[in-house]
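Engineer: quick one: sequence plus predicted model below, questions after.
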Amino acid sequence: MISASQRLWRTSPLTYVALVLAALLSIYPFYYMMVIGTRSLDSINDVPPPMTPGGAFGDNFGRVLDNDAANFLTGMMNSIIVSSVVTISVVLTGSLAGFAFAKLRFRGRNILLLAIIVTMMIPTQMGLIPLWGMMQELGWYDSLYAVIVPFLVTGFGVFMMRQYASQAISDELIEAGRVDGASTFRIYWNIVLPALRPAAAVLGLLTFMENWNSFLWPYAILTPENPTLQVSLSFLSYAYYTDYSQVFAATAIGTLPLVLVFILFGRQIIGGIMEGAVKS
Amino acid sequence: MSLSATTAPPSPAPPPPDVAARRRRGSLLNRLDLKYSPYLYIAPFFLIFGIFGLYPMLRTAWMSLHDWDMVGDHTFIGLDNYIELFSDDYFWNALVNTFGMFALSTIPQLLLALFLATLLNRTFLRAKTFFRMAIFVPNVVSVAAVAIVFGMLFQREFGLINWLLSLVGVDQIDWRAHSWSSWTAIATMVNWRWTGYNTLILLAGMQAIPKDLYEAAEIDGAGQWRQFWQITLPMLRPTFLFVVILSTIGGMQLFTEPLLFANGSIIGGNQREYQTLAMYMYEKGIYNLSTAGYGAAVAWAIFMIIVLVSLINFILVRRSAK
Amino acid sequence: MSLTTRRARMAATALAAVLVAGGLAACGNDDDKPAEGEKPAKLVVDTFGEMGYDELVKEYEKQTGIKVELRKTAQLGEYRPKLVRYLATGKGAADVTALEEGILNEFKANPRNWADLTPLVSDHSTEYLPWKWELGKAPDGRLIGLPTDVGSLAVCYRKDLFSAAGLPTERDQVSALWPDWNGFHQTGQKYKQATGKAFIDSITAVSNGVLFQQGSDLFYDKENNIIADSSPAVKAAWETATSMVDISAKASTWSPEWSGGFKQGTFAATFCPSWMLGIVADNSGEANKGKWDVAAVPGGSGNWGGSWLAVPEQSKYPKEAAKLAEFLTNANSQVEAFKLKGPLPTNLEALKNEAFLNYTNEYFSNAPTGKIFGESVANIKPVHLGPKHQAVKENAFEPAMRAFENGQASKDKAWEQFTKDAQTQGAF
């Protein structure tokens, strides 16, 4: 049924013009990378820059696979493992803690929430050297544990879920669950988590992306034999220059899993919303 | 109806007698659950962060109290590093640069994100998934790749942007040679990469706003603009605050984009036109081995500044709501 | 291997931005301490770029039965922070570690991080370029590095562009155009008059050439006091370089303008240490093959880059590691490495080797680069690089020069900027 409000919010052609423009601006540099990935290296210096893909993709990607130093396929596999595990954990721990901060009353709630926000403000680069030393002690050097465990929780995840939960979930919902005799965890699992789905999908997507593209730390702690995707890409560069045609060809392939994830989460984002949402 | 319909609980009503009885029976367990389970839920964060986040940071604090050579001696000097910061021209220069780029990226970026999120939130938008994906694409690309591409776009002689400007009669701009131009170029990079990201977060927030609020407003005869100002914006406040604080944190730690824009030079421009605080921290703390203690002090100064700016944001957003 | 300034290493960082991290130390030395005299199962070698050791380590494995793991860090910008982390935490360093001349001086400031090689290897002090050998010693006299390669200077020039400007194109005639820097400047002005285009890429490239052929103290005196504002060598480089602003394309090394300039022909000549040849070729592309050639550098030879092999104190097998370093730097190995990847030998015997002297480079019009660079090696005058030489050069000297080149500051103001920054960058 089309209600009056929906008619009011009906989309005008201008909306499409604006969105198409934004989409083009977003995609162009990405497209340009694809162009370079399908051409030979020196085309990067052409004037005017090349506008259409070339035919060298097979050759470029072939060189990626042939590159013993890069271990591209291992890197891809490792990145899938790391990003998936971290994403699941961040979404679960984030929504659990976010729910607690938004909807449960306990002593020290505000100060602890503040503490979490403050943790997000720490400039990360300076802590790396001590952290690296710790990993050596733990024997996690060159192990996927080193790129998974420290990232299983994020202040970002907790804070984001808390903001969303306080806005999306009414106290009545929780109270109703209590009246039914459900334990707090049951309320979380059966009521809160489903209601948080759109935000959880966004958080999941962002977390996956962040870990997929994370470079600094994995590069510090992993070796070429057991890399993540981004670490593997860094071994496609040589002493004085980066072979962009190889890197961009590999980046294109490396982006495919992200597109899949996006479609997966994207559907969740759309599904959770528009018509129903949670009525209070 | 909606997906959430299956999980949506019944509307609250006084508990029937048998339920009340059940609750009394389980009351001890219940009370324990109510009182302590929240701690259980937040424990994983604090546990893992304490080990892998807090400890390295404390160690950095310890370093900042020393004259710390990364591969040599460590001498305790108390707060001298922090005192030195106040009279360090290059620290202040980096501070100004950071705020300049922060303003040029955050403000247009958030306005644009708000605008796009509003468009994407339209009920009858076609090709929703496509637009969402397209707008989010920049965030998929690694920073390094972004910097390479934009480095080419902002090239002095053969760059696309100077070429476009020349069409409207603007002279060739040496983007790396002035503060304003380098800040603009770097802010463009940041905006390109993060607008879509913020759009999605704001969109998720908008979609959580109950639709009947809009329906009620419409019955009262409120137009689109009034609905936006009186429903969307106020309801979006927590999410918006979240996005603002996030941008603040990111903006204050800006590092990779300006570094790559400088072709890897840590001082960011011939006269440090675009060296950020994070770059200065890196220059002192890691690039320059013998001043690691000073670099650690810069790191803590950055931390303090972020806390301060976030606090100001927080107060501003709060106040604007009233 | 032939090396480069830290700027090169920093710039090469493109993918990394992030040098903070790094550290692809493979499972290094985390086993228990070995018993005295026990033969190591494995030695680890850390190198950056391409030093040409791939075949040599296999041969060494065959000879000794000790497994050698070669860890290459592709990008130079990531190598130093990694090494810093190893030394700072006392863990993860390789048994044999390559040190580039910029890195070397900085790490020599804390010599106790490195094993003294004198008691561990035989005396080779007369077999290498004397100045190169001396630089491998720490201030306290301990020998911490065995010489690998040098980066002697030449000029790369575009024959087609020279010809279009009515200049000679044959490499000996071209070299004869510029016996000194004045001649070089005049040639550039002639080129500019004829074509209206810039002659060299940037004035900082010129300053590198001048700086490294002075054969004296640069930013530091022998006691490692900063003498940036009074050093004659520095002043000479500054004056020569800034005078050439009229023929410069203002495309600073490693910038997008620079790499794009090769293909577009924005400049007709640049300064080429031997390791730069590959970069020139890559940036110029297949289409420009055979258009480049190599001529002598004005004012005699100079050195830009070069490395040593050192043994970190934390190595559990210093003795065996030193033997391996000795093997990798001997005359035969240096020739083999040159044939494989091109680093210029520093071993006197290797420099006389036939295979080395007969080598020609196809991309550069078959220029006999072995002979050209080999001859200039002999003429290199050693310079004294202080502990923070690279930092002063890259973060004080060159930025100030570029500020002048771009018209951001007057020459006097730029010099003022340099002398002020040199103090902070050079402090250690």
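Structural biologist: Done, it's in.
Engineer: does the residue lying closest to C:T253 once chain neighbours are set aside count as helix, strand or coil?
Structural biologist: Here the nearest residue to C:T253 in space, its sequence neighbours aside, is C:A205; by Cβ to Cβ, 6 or more residues apart in numbering or on different chains that works out to 6.1 Å. In this view, the C-beta of every residue, glycine as well, is placed from N, C-alpha and C. For C:A205, the secondary structure call by DSSP: H, G, I helix; E, B strand; the rest coil comes out as helix.
Engineer: of all residues in the stretch 51-200 of chain C, which one is closest to chain A?
Structural biologist: Taking Cβ to the nearest Cβ as the measure, the stretch 51-200 of chain C has C:T89 as its residue closest to chain A, at 4.5 Å.
Engineer: any idea of the pLDDT on that residue?
Structural biologist: On pLDDT, C:T89 comes in at 74.
Engineer: how close does it sit to B:I315?
Structural biologist: From C:T89 across to B:I315, the span is 42 Å (Cβ to Cβ, to the nearest Å).
Engineer: right, and A:A70 touches A:F61 too?
Structural biologist: No: under the criterion of Cβ atoms under 8 Å, A:A70 is not in contact with A:F61, lying 11.6 Å apart.
Engineer: tell me the pLDDT of the residue nearest to C:T253.
Structural biologist: Spelled out, the predicted local distance difference test score at C:A205 is 92.
Engineer: next one: the one 5 residues further on
Structural biologist: We note a pLDDT of 89 for C:V210 in this prediction.
Engineer: tell me if I'm right that it and C:A236 touch.
Structural biologist: Yes: taking contact to mean Cβ under 8 Å, the distance of 6.0 Å between C:V210 and C:A236 places them in contact.
Engineer: so for C:T89 and B:I315, which residue has more residues nearby?
Structural biologist: Comparing C:T89 with B:I315 by neighbour count (other Cβ atoms under 10 Å in any protein chain shown), the higher total belongs to C:T89, at 19 against 10.
Engineer: low-confidence stretches in chain A?
Structural biologist: Within chain A, the stretches falling below the threshold (pLDDT under 70) are A:1-11, A:41-42, A:44-45, A:47-49, A:68-69, A:125-126, A:129, A:224, A:235-243, A:266-280.
Engineer: with neighbour numbers in mind, choose between C:V210 and C:A236.
Structural biologist: Looking at C:V210 and C:A236 with other Cβ under 10 Å, you find the greater number of neighbours at C:V210, namely 22 against 18.
Engineer: burial measure for residue 123, as a count.
Structural biologist: No chain was given, so I picked chain A. Neighbour count of A:P123, defined by other Cβ under 10 Å: 24.
Engineer: please refer instead to chain B.
Structural biologist: Other residues lying near B:T123 total 17 when counted by other Cβ under 10 Å.
Engineer: from B:M206, how far off is it?
Structural biologist: According to Cβ to Cβ, B:T123 stands 12 Å off from B:M206.
Engineer: next, C:A422: secondary structure please.
Structural biologist: Classified using three-state DSSP, C:A422 is helix.
Engineer: wait, it sits on C:L218?
Structural biologist: No: between C:A422 and C:L218 there is no contact, the gap being 10.9 Å when judged by Cβ under 8 Å.
Engineer: my guess is C:P81 contacts B:N288, does it?
Structural biologist: No: at 11.6 Å, C:P81 and B:N288 do not qualify as touching, with contact defined as Cβ under 8 Å.
Engineer: excluding covalently adjacent residues, which one is nearest to C:E101?
Structural biologist: Once its chain neighbours are removed from consideration, C:E101 has its nearest residue in C:G306; the separation is 5.3 Å (Cβ to Cβ, 6+ apart).
Engineer: what residues are up against that neighbour?
Structural biologist: If a contact means Cβ atoms under 8 Å, 6 or more residues apart in numbering or on different chains, then C:G306 has C:S2, C:L3, C:E100, C:E101, C:K132, C:P147, C:T148, C:D149, C:V150, C:G151, C:L344, C:T346 as its contacts.
Engineer: now do B:N288
Structural biologist: Contacts for B:N288 were tallied using Cβ under 8 Å, 6+ apart; they are B:G295, C:K388, C:A391, C:Q425.
Engineer: which residues touch the last one?
Structural biologist: Each residue near C:Q425 by Cβ under 8 Å, 6+ apart is listed here: B:N288, C:K388, C:A391, C:V392, C:N395, C:A396.
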